[in-house]
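In: Here's my sequence, what's the structure:
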Amino acid sequence: MRVSTVKYEAFDHGAGASRAGTRLATSLTLAAMSLGYGVVQLDVTIVNTALDAMGRTLGGGIAELQWVVSAYTIAFAAFILTAGALGDRIGAKRVFMAGFAIFTAASLACALSPNATVLIAARLVQGLAAAILVPNSLALLNHAYPDDRERGRAVAVWAAGASLALTAGPFVGGALITLIGWRAIFLVNLPIGLAGLWLSWRYASETTRARSREIDLPGQLTAIGALGALAGAIIEGGALGWGHPAVIAAFVAAAILAMLFVWRESRAAQPMLPLSLFGHRLFALTSLVGLLVNIAIYGLIFVLSLYFQRINGLSPWWTGLAFVPMMAAVLPVNLLAPRLAERIGSCPTIVVGACISALGCLGLLWIEAGTSYWAIFAQMIAISGGLGLLVPPLTSTLLGSIEKARSGIAAGVLNATRQTGSVLGVALFGSLVASEGAFMTGMHLSLVLSAAVLLLAAAVIGLGAPARG
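Out: Sure, this is the predicted structure:
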């Protein structure tokens, strides 16, 4: 009896240690995935504070700075759907680690760039890696947390870490540029990348491979071509003039490639973008709203970054500080949004958020060179607060509009459309302020356009959604 008790106690201790080890592994997997998503979001905002410093060091005008921002988001938007499919086919862990390694190497290339051309190319590779990291980090979380409740908490931590990185980006960027120089904003990714790689290799478990999952290479190539040509036409239109032959040719190429993309996706056995999803009314509406909102918000952030530094003469440090309250307002309003959606409905909450952001844009119309930061503080908070209010119900409405089996591709489509909006917003708004000596005129026009696009988004979901939405 005594011997059996000792054996039972030893067995129980071993089982407890095993469970503790499993919990540690899943927690550190979550840490690795959070680092992956966090570094992607960090590089969305940290670059804005460095725009003026990059321009002065590397030369070039606003068009080159637009390409520094847009190269990242073009690759991010264009590759995200294929990156998820690639993870399904050969294993999410393998693909995620490759993405982290590429992102880290591209960050080093950005930091060492001798000119704007090399920097833009390195940013393009960074964007490709970002597209790899985001969907595969979610796939690995899904694999590590089979329990629905635990997975929900893990995803909340993953998203909160990204929101923190997004908020910290301008502040961290401003500090690094002031203390070291703009190249440091890319060097900071190196220790993050190495930590994420080690944690992923050591603790993440590989997902089941789906060999039957095909990669839609023709669709991928036409998507990249269409988005790149459209962004290029808008960016260079502001620099060269809208009637320039190269600009007209780029618009024509974008239209032809977009039609080829739709034709290909309508006939592919496993399309990169299943067009049947857009047969769901709410899915189509929320995807369009995601596109419109990002055009308005991210284009405006680009213009505000240049306004603070080039027009008001703020240093990168103070520019970073100027954006911190705006970014920080998003997180608490994110937490408020689900409660409001429960009371008045998801679609009305999206409408309210878009209208608040639009009012914030209109409230900035009187801005001039030298306007005090505190005179525009409330309007900036309104713009970001409206964004924070609409994004959670927008995401949940889109995911709830289709069957759960297709939620992964639906989330990928939302990410792709929103990143496409960011590309077009930076390209369009940047072209409006690119004319020499006409920055403020372009900025006022950007504010009017931003408000109009946000109100259009509100009308799309408010008038188009079913009454139960």
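In: Report the contact partners of the residue nearest to residue 369 when sequence neighbours are not counted.
Out: Nearest residue to residue 369, sequence neighbours excluded (Cβ to Cβ, 6 or more residues apart in numbering): residue 311, at 4.9 Å. (Each C-beta comes from the backbone N, C-alpha and C, glycine too.) Going by Cβ atoms under 8 Å, 6 or more residues apart in numbering, residue 311 touches 369-370, 439-440.
In: biggest separation within those, which pair?
Out: Largest separation among those by Cβ to Cβ: 370 and 439, giving 12.8 Å.
In: Give me the more crowded residue out of those two.
Out: residue 439 (19 against 8; other Cβ atoms under 10 Å).
In: got the contact list for that one?
Out: So residue 439 contacts 306-307, 310-311, 433 (Cβ under 8 Å, 6+ apart).
In: If we use 7 Å, what do you get?
Out: Residues counted as contacts of residue 439 (Cβ atoms under 7 Å, 6 or more residues apart in numbering) are 311, 433.
In: One more: residue 237?
Out: Going by Cβ under 7 Å, 6+ apart, residue 237 touches 247, 431.
In: can you check residue 228 too?
Out: residue 74.
In: next one: residue 183
Out: Residues near residue 183 by Cβ under 7 Å, 6+ apart: residue 111.
In: If you rank every helix and strand of the protein by mean pLDDT, what lands last?
Out: Every helix and strand of the chain was ranked by mean pLDDT, DSSP states H and E. The lowest is helix 2-45, at a mean of 70.
In: Show me what whichever helix or strand comes after it is in contact with.
Out: With elements assigned by DSSP states H and E, the helix or strand that comes after helix 2-45 is helix 51-58. Identification of contacts with helix 51-58 by Cβ under 7 Å, 6+ apart yields 65, 68, 115-116, 119, 177, 182, 305-306, 309-310, 316.
In: Closest to the centroid, which residue in this structure?
Out: The centre of the chain sits closest to residue 419, judged by Cα atoms, centre = their mean, with a distance of 5.7 Å.
In: Contacts only, for it.
Out: Contacts of residue 419 (Cβ under 7 Å, 6+ apart): 73, 76-77.
In: ok, and for whichever strand or helix holds it, which residues are buried?
Out: Secondary structure assignment for residue 419, by DSSP H and E: helix 407-432. Across helix 407-432, burial judged by 16 or more other Cβ atoms under 10 Å covers 408-432.
In: picking that back up, any chance of the contacts of residue 311 in JSON lines, with pLDDT too?
Out: Formatted as JSON lines, the contacts of residue 311 follow (pLDDT from 0 to 100):
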{"residue": "369", "pLDDT": "92"}
{"residue": "370", "pLDDT": "91"}
{"residue": "439", "pLDDT": "90"}
{"residue": "440", "pLDDT": "93"}
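In: which residues of the stretch 201-350 of the chain fall in helices?
Out: 217-240, 245-267, 281-306, 316-328, 330-344, 346-362 (DSSP state H, counting those that start in this stretch).
In: how about a markdown table for these, with distance to residue 27 and mean pLDDT added?
Out: Formatted as a markdown table, the helices of the stretch 201-350 of the chain follow (distance: least, Cβ to Cβ, whole Å; pLDDT from 0 to 100):
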| stretch | distance to residue 27 | mean pLDDT |
| --- | --- | --- |
| helix 217-240 | 35 | 88 |
| helix 245-267 | 39 | 94 |
| helix 281-306 | 32 | 91 |
| helix 316-328 | 26 | 84 |
| helix 330-344 | 22 | 84 |
| helix 346-362 | 32 | 95 |
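In: now for those, which one comes closest to residue 157?
Out: Using Cβ to Cβ, the nearest of the helices of the stretch 201-350 of the chain to residue 157 is helix 330-344, at 13.1 Å.
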